[in-house]
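Chemist: give me the fold of what follows.
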Amino acid sequence: MTSDDLPPLEGVKYYFVVQKFCFTAIGVDALSARRTIVNGFLFWIPNIVQFILSQPLTLYSLQHLEDMSLVTDAMAPVWQVLMANMKMALFLWHKKEMKKLVRDLWLWNLEATPDELKILEVENRKDTMTSFSFYMTVLTTGILALTSPFFKAFYRYLKGDNYWDALETPLKGR
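Modeler: Numbers count the residues shown, from 1 in each chain. Purely as a prediction, here's the structure:
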C-alpha cells in the first residue's frame, strides 16, 4: 500500500496491518488520496468469477423448487456471493467517505501523546490478534472445503468403493 501524502505513524507497529493486507489482496488502497483501486484485475475478476460460478446453482435451484432442502443447500453459496458483491458495490459507492474516515483516523493518531500511543499499541495488538485468528479460521475452513472431496475420494479408494457412484446428481455435473 502506498500512503501518498500520509506521514508515518511513529511508535505503533503493525498499524492497520490486517486491514492493509485484506485491502491489498483485493487491489484496494484505502490510504491513497489518488487511487482507491490500484489493481482492477484483483478487484473485479474474483467478483465476476464468483457471480458466473453461482449461476449454475441458481438454475439448479430453480429447476428443483419442490425440494426445499436441496434448494437451501444449493442457494447458500449463491447468497454468499451476492452479499460479497454487494459489499464491494457498497465500498465503491461510499469509497470517498470510507477513505476520509481512515485518513482522519490516521491523522488523529499522529497527535497522540506517548501514553496514548501505549494504549493504541495494546488495542492495535488485540485487534491484530483477533483479526488474524478470524482470518486463519476462514482460511482453514476454505482449505478444508476445497480438499475434503479429495480426502473422501481417497478414503473410498482405500475402502475399495467407487467414489463417483456415491455422488449425488448435482455433484456429478450431469
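Chemist: and the top helix by length along the chain, what does it pack onto?
Modeler: In the chain, assigned by DSSP state H, the helix with the most residues is helix 114-159. Under the contact criterion of 3 or more CB pairs under 8 Å, 6 or more residues apart in numbering; DSSP states H and E, helix 114-159 touches helix 17-25, helix 163-166. For glycine as for every other residue, the C-beta is placed from the backbone atoms N, C-alpha and C.
Chemist: just want the angle from it to helix 17-25.
Modeler: For helix 114-159 against helix 17-25, the angle by axes from the mean of the first three to the mean of the last three CA atoms, to 10 degrees is 60 degrees.
Chemist: any idea how far helix 114-159 is from the chain center?
Modeler: 12 Å (CA atoms, centre = their mean, to the nearest Å).
Chemist: average model confidence for that helix?
Modeler: Helix 114-159 comes out with an average pLDDT of 87.
Chemist: distance to Trp106, mean neighbour count and mean pLDDT added to the helices and strands packed on helix 114-159, as a markdown table?
Modeler: Below are the helices and strands packed on helix 114-159 laid out as a markdown table (distance: least, CB to CB, whole Å; neighbours: other CB atoms under 10 Å; pLDDT from 0 to 100):
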| stretch | distance to Trp106 | mean neighbour count | mean pLDDT |
| --- | --- | --- | --- |
| helix 17-25 | 11 | 15 | 82 |
| helix 163-166 | 53 | 11 | 70 |
